[in-house]
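Undergrad: the sequence and its predicted three-dimensional model are supplied below.
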Amino acid sequence: TRAHLDAMEKARALNAYLVETPDRALAMAEAADARIASAQARPLEGIPLGIKDLFCTEGVATTAGSKILEGFTPAYESAVTANLWRDGAVMLGKLNLDEFAMGSSNETSAYGDTVSPWRRAGSETKLVPGGSSGGSAAAVAARLCLGATATDTGGSIRQPAAFTGTVGIKPTYGRCSRWGTVAYASSLDQAGPIARTVRDCAILLGSMAGQDSRDTTCADLPVPDFEAAVARGVKGLTIGIPQEYRVAGMSAEIQALWDRGADMLRDAGATIREISLPHTQYALPAYYIVAPAEASSNLARYDGVRYGLRVPGKDIAGLYENTRAAGFGREVKRRIMIGTYVLSAGYYDAYYVRAQRIRTLIKRDFEEAYASGIDAILTPATPSAAFGIGEKGSGDPVEMYLQDVFTITVNMAGLPGISVPAGLDAQGLPLGLQLIGRPFDEETLFAAAQVIE
Ligand code: GLN
C-alpha cells in the first residue's frame, strides 16, 4: 500500500486519481496485516485497489466526473466496493472517468483529461487511456494500483483495457449488483474489474460479483470459482469468428491481430468457425437511442436540491435550470436532449420502440450462434490503438461513438465480454482482442483469454 501511495504521488501528472485516500488506505492495510498475523486472512487481504469515481464510497467524495456532484459525499457504500472491502482489499482512492461514464477517451471529465502512461515510439504526444473507465485503465497500466473497479455500459471497461495493455471484463448483465453505482443507462450498466492479468481479473470479479436483493436485476446465482477457470484451456471448444465485424476500412494490422488470436486458440485445441451475426450494424445506432433515453431519465434527479451543486435562481424552476446549466458538461447535455427527444410523445414509437426491437434482434443473433454450438466469439476489441488527446470527436461526436462498434453489441445483448492484450501496433501501442461468451459463462472467457495472454 505504501509503495502504491508513493507511486501515485509521483504520477499525479497522469490525473488518474481524482481523490487519494492515504489515511484510509493505511488503516485498511494495517487491519489486513493484523488479520494475516492472526491467520484470519481473507481472499483479497491487503490488495490495494483504485475505485472508479462512479461507485459511491461512504464518507469519500463521489463525483461521477461531473461538476453537478461537487460536494457530494455518500452516506453509503456501493455493493461492489463493499464486497471488495469485506474480502480485505484496500482503497487507494477514486479514479477519473468520463462525465457520468459518457465517453470513450476520458476527455469529457469535468476534472481534466486522464493521460495514458503509453507513448508512440519516438513521440511525446499525450495519448488518451480510453474511456469511460480511463482513470482505472491508466492507473493499472502505470502501476498506481494492483487492480481497479470499472463499469461498462457500451464498452467502457474493454476499450480502455485494450488501449492500455491491461485486461478488462464486463461480466454478464446481472452478475454484479448495480446498487450504489451512479446510474448511466440502467439496462446496460455493469461493473467489472480492470487488472494486469487475466488471473487478477478472475480473482477480483469473484469478489465483486454476487446476489444482492437491493438490485432487482442482480442474478440470484452462485459465483463460480473464476480463478480455477483460468487454467482450464480451450480444448474441445468452438470459437466463432463473426464475419460482420470485418467492417469496411478495418486496418490490415487489426485483421492480422485477429487472425493471430484465432491461430493461438486453434493451436491450443479449439475449433474455429465462421459465424454470422446479421444485425451487428444496427447495434451502435440503437445504443445511441436506448442509452441516452435511460440517461435522460436517470439524470433527472440532479436538480440542485438533493445532491451536490446548487446554483440559486429566482424560483424553484430557475434553481433547476441554473444548476443543470452550470453542472452538466456538453456531452451530457447532448445525451439528455437526445434522450428526452426519443422518449417524447410522437417520437417514442419511431425511435425508442424501434431501438428496443433492434436490441431483441441483436440478442437473438447471439442466441442462434450459441445454439449452433459456439462456445465463445472472438473479435477485435477496438478499431485502432489509442489516439492522441484532442485528436478525435471534437467536430463530430459520431467519430468518438465509432470507438465502440465492436463492444456495444455485447451490452445490448447483456452478454459477458473480456478484452485481453494481444500485441502491439507498428508504433508500439497495445492492441486488444475481445472474447464474447454465453450468459453467465465468464469462466470460458477467462480460459480462452488466458490462452491469448
Ligand atoms: N462510449 C460509450 C458512451 O459514451 C460507452 C460508455 C460506457 O460504456 N460507459 O456511451
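TA: Now that the structure is in, tell me what you want to look at. As the structure is a computational prediction, the values presented were derived from the model and not from experiment.

Undergrad: residues near the nearest residue to Leu14 once chain neighbours are set aside, how many?
TA: Excluding its sequence neighbours, the residue lying closest to Leu14 (C-beta to C-beta, 6 or more residues apart in numbering) is Val115, at 4.8 Å. Where you see a C-beta, it was placed from the backbone N, CA and C, and this is true even at glycine. Neighbour count of Val115, defined by other C-beta atoms under 10 Å: 22.

Undergrad: how about the one 4 residues further on?
TA: Residue neighbour count, defined by other C-beta under 10 Å, stands at 16 for Arg119.

Undergrad: okay, which residue is most central for this structure?
TA: By C-alpha atoms, centre = their mean, the chain has its centre lying nearest to Ile157, at 2.4 Å.

Undergrad: where exactly do the strands run in the stretch 101-250 of the chain?
TA: 147-151, 167-170, 191-195, 238-242 (DSSP state E, counting those that start in this stretch).

Undergrad: of these, which is nearest the ligand?
TA: Smallest distance to the ligand across the strands of the stretch 101-250 of the chain (C-beta to the nearest ligand atom): 6.1 Å, for strand 147-151.

Undergrad: can you read off the pLDDT for Leu402?
TA: Leu402 is assigned 89 on the pLDDT scale.

Undergrad: quick check, it in contact with Leu284.
TA: Yes - shown here, Leu402 and Leu284 form a contact pair, counting by C-beta atoms under 8 Å, at 7.3 Å.

Undergrad: on that earlier part again, what residues are up against the residue nearest to Leu14?
TA: When contacts are counted by C-beta atoms under 8 Å, 6 or more residues apart in numbering, Val115 touches 13-15, 126-129, 138, 389.

Undergrad: stretch 142-156 - what's its average pLDDT?
TA: Per-residue pLDDT over stretch 142-156 has a mean of 98.

Undergrad: could you do stretch 174-181 as well?
TA: Average pLDDT, stretch 174-181: 98.

Undergrad: could you do stretch 77-87 as well?
TA: 98.

Undergrad: also stretch 227-240?
TA: Stretch 227-240 carries an average pLDDT of 98.

Undergrad: ok, now how distant is the closest residue in space to Gly327 that isn't next to it in sequence from the ligand?
TA: Residue nearest to Gly327 in three dimensions, not counting chain neighbours: Ile68, with 3.0 Å by C-beta to C-beta, 6+ apart. Counting by C-beta to the nearest ligand atom, to the nearest Å, the gap from Ile68 to the ligand is 17 Å.

Undergrad: Ile68 - that's part of a helix, no?
TA: Yes - counting by DSSP: H, G, I helix; E, B strand; the rest coil, Ile68 is found in a helix.

Undergrad: about what we covered before: just the strands of the stretch 101-250 of the chain: most buried one?
TA: Highest mean neighbour count among the strands of the stretch 101-250 of the chain (mean count of other C-beta atoms under 10 Å): strand 167-170, with a mean of 33.

Undergrad: residues making contact with that one?
TA: So strand 167-170 is in contact with 133, 137, 150, 152, 157-158, 160-162, 190, 192-198, 200-201, 205, 410-411, 416-421, 442, 445-446, 449, 453, going by C-beta under 8 Å, 6+ apart.

Undergrad: buried subset of these?
TA: Neighbour-count burial (16 or more other C-beta atoms under 10 Å) is assigned, among the contacts of strand 167-170, to 133, 137, 150, 152, 157-158, 160-162, 190, 192-198, 200-201, 205, 410-411, 416-421, 442, 445-446, 449, 453.

Undergrad: now the contacts of Val115 in JSON lines, please, with extra columns for pLDDT, distance to Glu244 and neighbour count.
TA: Below are the contacts of Val115 laid out as JSON lines (pLDDT from 0 to 100; distance: C-beta to C-beta, whole Å; neighbours: other C-beta atoms under 10 Å):
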{"residue": "Ala13", "pLDDT": "98", "distance to Glu244": "41", "neighbour count": "9"}
{"residue": "Leu14", "pLDDT": "98", "distance to Glu244": "36", "neighbour count": "23"}
{"residue": "Asn15", "pLDDT": "98", "distance to Glu244": "37", "neighbour count": "20"}
{"residue": "Lys126", "pLDDT": "98", "distance to Glu244": "34", "neighbour count": "15"}
{"residue": "Leu127", "pLDDT": "98", "distance to Glu244": "29", "neighbour count": "23"}
{"residue": "Val128", "pLDDT": "98", "distance to Glu244": "27", "neighbour count": "29"}
{"residue": "Pro129", "pLDDT": "98", "distance to Glu244": "28", "neighbour count": "34"}
{"residue": "Ala138", "pLDDT": "99", "distance to Glu244": "32", "neighbour count": "34"}
{"residue": "Ile389", "pLDDT": "97", "distance to Glu244": "31", "neighbour count": "18"}
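
Undergrad: which two of the residues you listed have the greatest separation?
TA: Of all pairs drawn from the contacts of Val115, the greatest distance, 14.8 Å, lies between Ala13 and Val128 (C-beta to C-beta).

Undergrad: closest to the ligand out of the contacts of Val115?
TA: After measuring these against the ligand - C-beta to the nearest ligand atom - the closest member comes out as Val128, at 11.9 Å.

Undergrad: export stretch 281-288 to PDB, keeping only CA atoms.
TA: Extracted C-alpha coordinates of stretch 281-288, given in PDB (Å, rounded to 0.1, in the frame of the first residue of the first chain):
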ATOM      1  CA  GLN A 281     -24.500  -2.900 -37.900                       C
ATOM      2  CA  TYR A 282     -27.600  -1.700 -36.100                       C
ATOM      3  CA  ALA A 283     -26.200  -2.000 -32.600                       C
ATOM      4  CA  LEU A 284     -24.400   1.300 -32.500                       C
ATOM      5  CA  PRO A 285     -27.300   3.500 -33.700                       C
ATOM      6  CA  ALA A 286     -29.800   1.600 -31.500                       C
ATOM      7  CA  TYR A 287     -27.400   2.000 -28.500                       C
ATOM      8  CA  TYR A 288     -27.300   5.800 -29.100                       C
END
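
Undergrad: about what we covered before: so which of the buried ones among the contacts of strand 167-170 also contact the ligand?
TA: Of the residues in these, proximity to the ligand by C-beta under 6 Å from any ligand atom holds for Asp152.

Undergrad: for this structure, identify the residue most remote from the centre.
TA: Going by C-alpha atoms, centre = their mean, the residue of the chain most distant from its centre is Lys314, 40.2 Å out.

Undergrad: what does the stretch 1-150 of the chain put close to the ligand?
TA: Applying C-beta under 6 Å from any ligand atom, we find that the stretch 1-150 of the chain lies next to the ligand at 101-104, 132.

Undergrad: buried ones in the lowest-mean-pLDDT helix or strand in the chain?
TA: The weakest-scoring helix or strand in the chain, judged by mean pLDDT, DSSP states H and E, is helix 397-401 (a mean of 90). Buried residues in helix 397-401, counted by 16+ other C-beta under 10 Å: 397, 400-401.

Undergrad: nearest to the ligand: which residue in the stretch 201-350 of the chain?
TA: Distances between the stretch 201-350 of the chain and the ligand by C-beta to the nearest ligand atom are smallest at Ala291, namely 5.4 Å.

Undergrad: kind regards, and thank you for your time.
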